[in-house]
Every structure is written in structure tokens, then in C-alpha cells.
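Asks: need a structure here:
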Amino acid sequence: MEFNKAYNRNEFVNFLKRNFLPEDFRQEETRIDFSSTYTRQVTRLGASDKLDVVVLEVKHCGKDDPRVSLSKEAFRILAGEWASRALVLFVPQDNPANYRFSLIEITLEGDENTAKVYRKYSNPRRYSYFLGDGIAYYTPNKYLNEKGRVVSIEDLRNRFSVEVLTKEFYQELSDWYAWAIKIIRFPNNINDNTDDDKFNNEGAIRLITRLIFVWFLKQRHLVPDEFFDEQYIAANLIKDFNPNTKVDLFSKSNESKYYKAILQNLFFAMLNSPITAEGSKEISERHFRKLNEQGKADRTDYDNNKLMRYESYFKNPQLFVDLANTTVPFLNGVCLIVLMIRTTVCITMVSATAKL
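Replies: Down below sits the predicted model:
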């Protein structure tokens, strides 16, 4: 099943029948009479007795993925069907490009002091996948496709549980870190071959932290896709761009154009400055450093880290600014630091786990 494509009922039911649910899954197509604030049409697509689960398709008119409100309505549907557990496909009525696949449960819990029994509803934010066009494919593919058929109720919960997925993610990251620090090298003094692994732990943590942070920005669509498109960069942004050229990284070189022109400007100028207002001359807004008559950077704003540098590297500097202004938000220094600290703390925990 390709989860990065728009919703298709027949394809999804075939996936449930052939690959995901136990072989006792009974396919059906029964309309359920229910309409509410968001829900417009409900269809029962099947059930599995082994997992005591029904499969529902809920077509809705909710905007901006109203997960909690839709789940409340789904719990009412579930109660009306006299069922306690359901796999629900929440599909926008007007555009099925993106949809949500959720596990919801109603369980009974008793109060020892009063002998009363209460209904407990599962958390809709913790047992759900957002699928369709443009989604990150790795996690749903691993837990819904690669693990094969669900074998038990506990297995079903684990396939959707945020806590389980997060734990496995950090365990995999910890294993990779433990392997990487034995392989990678971060030399401090290029004339001293004995210190190549002295900073491996610190260097690996910084590498992972920055990769995850950049990936987070990209997946949240906070950075233009064009900034990661090698062909687009070569054709439209950077002059003589050839990232595969081997160079001496320890000599003074202009070959690291991508890091200097794209990434350095992104982190030190764009994210730290508001979008340039039309006709603005304020140095706190996005633009390149002024150049003097010789075409070199003017010393008057040399130390201003909010201004973009390396204008001469670009074919069309304004195109670079325009792309950024359509996507890259303004994160003041505090927000940026908090995001980096949170990422660093997580990776530091990974390194600590790897040492146990």
C-alpha cells in the first residue's frame, strides 16, 4: 500500500484484507445513518472478530484536520454500533488527497470505592496516522506495511501508539549512534593523526542534531523544496554549482557554496529576520549586505548577522529572497534556540542510552 497517495476506498480495503488485518476480516459496504457537525457520511467497510474491531469510513467537512472533534463524533458512531474498537478512515468530503487512519477504543473501568463503571475513551492524538499526498512515508510504511498482518489486539495498539513508535525510533537512532562513533572521524588538528577520534561523540551528536532539525523544518514545509533540489539550484540559484567536485576542505576555498549561500543564509539571516517589507531599508529585514564600489562587502554592516552574505554566488539573488519570503517564517532568537535545545537534549539522551 502506498500511503503517500490520495485515498482510494478499494485500494485501502484490499490492503486491509490482504496485508494488514487477520484473515478472518469480512469485507462489507454498509451505510450507517449518522450526521453531525463535521460528519457527513459513514460507511462500515468490514470487521475482524479476532481483533474485535470494525472498520469505518467517515467522510467529513472538517477543515484543518479537526482530529479531536471528529473522534468525538466517531465514538458516538461506535457506541451506536455496539462496538468497542474501530479502525476509522477520516476522509475529507471535498478533497481526499490527505486523510487520517485512526484506532479508537471504548473500554470500561471500575471505581473500587463506588463500584461504578466508567467508559474510557482512547486519546485521538496518540493513535493516528496522517496519510496522503506529501506525507513522510517511512513510519506508516514500516508499521502498517512491513510488519505484515496484525496478530493480536496488543499488536494493533502498538502499530498506532505514539509512545511505542517514539521508543523504537530512539532505539534505532541510539543503535546508529553507537555504530557511527566507531566509524566516523572528526579530526581536530590536521597535522596530528592521533586525535582523529577525540571529538567523535561530540561531532556525531552535532551532526545528528542538525540533520534532524533541518529535516523537521523541511517536513513542516518551513523551507522551500527548491533549497534541496540540486538541479533547480544549479539552473536558477548558484553560479557554477557542482556539489560533486572534490576539494581540499582545509584550504581556503569557495567550493562550499551550498553551505555558505543556502544554509548559512537560511539559519543566520532568514530565520532570524522578518520578511522584507516592500521598499524597506531596515537592516533587521531580509536582504543582502551592501557592497562597496569594488563589489566587496561594506564594512559598516560587516558584523550584522541578520544580513545575508555571498550575494556574488547567486545567479539571481532576488529569486533566492523571494523563495524564502514565500515559505520561511520569522523565528526570533529565543524560538530558534528553544527548538535547537529540545533537539539537542533528545539526541544527548540517545547518546547516553547507547552507552548503557
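
Asks: When you work out contacts or count neighbours from here on, use the C-alpha atoms and nothing else.
Replies: Will do.

Asks: Let's see the pLDDT reported for residue 148.
Replies: We have a pLDDT of 93 for residue 148.

Asks: in the stretch 1-150 of the chain, which spans are helices?
Replies: 9-15, 67-80, 138-140 (DSSP state H, counting those that start in this stretch).

Asks: So which of these is nearest residue 94?
Replies: Evaluated over the helices of the stretch 1-150 of the chain, closeness to residue 94 peaks at helix 9-15, with 14.8 Å, by Cα to Cα.

Asks: The closest one packs against which elements?
Replies: When contacts are defined as 3 or more Cα pairs under 8 Å, 6 or more residues apart in numbering; DSSP states H and E, helix 9-15 packs onto no helix or strand at all.

Asks: now it, how far from the chain's geometric center?
Replies: 25 Å (Cα atoms, centre = their mean, to the nearest Å).

Asks: gap between residue 269 and residue 84?
Replies: 53 Å (Cα to Cα, to the nearest Å).

Asks: Give me the more crowded residue out of those two.
Replies: The residue with more neighbours, out of residue 269 and residue 84, is residue 269; 23 against 17, by other Cα atoms under 10 Å.

Asks: So the more buried one sits against residue 306, correct?
Replies: Yes. Residue 269 lies in contact with residue 306 (Cα atoms under 8 Å); the separation is 4.3 Å.

Asks: Give the intersection of the neighbour lists for the two.
Replies: residue 286 (Cα atoms under 8 Å, 6 or more residues apart in numbering).

Asks: Spit out the contact partners of residue 42.
Replies: Residue 42 neighbours (Cα under 8 Å, 6+ apart): 31, 32, 33, 34, 56, 57, 58, 59.

Asks: For ChimeraX, write the selection for the buried entries among these.
Replies: Those of the contacts of residue 42 that count as buried under 16 or more other Cα atoms under 10 Å are selected in ChimeraX with:
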select :32,34,56,57,58,59
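
Asks: Give me the lowest-pLDDT entry from the contacts of residue 42.
Replies: The lowest pLDDT within those belongs to residue 34, with 88.

Asks: what sits up against the longest strand belonging to the chain?
Replies: Longest strand of the chain, by residue count under DSSP state E: strand 98-110. Applying Cα under 8 Å, 6+ apart, the external contacts of strand 98-110 come out as 5-7, 71, 75, 84-92, 116-124, 127-133, 157, 160.

Asks: Which members of those residues are classed as buried?
Replies: 5-7, 71, 75, 84-92, 122, 124, 127-133, 157, 160.

Asks: Near residue 138, how many other residues are there?
Replies: Neighbours of residue 138 (other Cα under 10 Å): 10.

Asks: Just the C-alpha atoms of stretch 19-28, please, in CSV.
Replies: As requested, the backbone C-alpha atoms of stretch 19-28 are provided in CSV (Å, rounded to 0.1, in the frame of the first residue of the first chain):
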residue,chain,number,x,y,z
ASN,A,19,-1.9,-7.4,4.2
PHE,A,20,-2.9,-5.8,7.4
LEU,A,21,-5.8,-7.4,9.3
PRO,A,22,-6.2,-11.1,10.2
GLU,A,23,-7.5,-13.5,7.5
ASP,A,24,-10.9,-13.5,9.2
PHE,A,25,-11.6,-9.9,8.1
ARG,A,26,-15.0,-9.7,6.5
GLN,A,27,-15.4,-7.1,3.8
GLU,A,28,-18.7,-5.2,3.5
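
Asks: quick thing: my sequence starts at 322, can you match it?
Replies: With the count now opening at 322, the last piece we talked about shows up as stretch 340-349.
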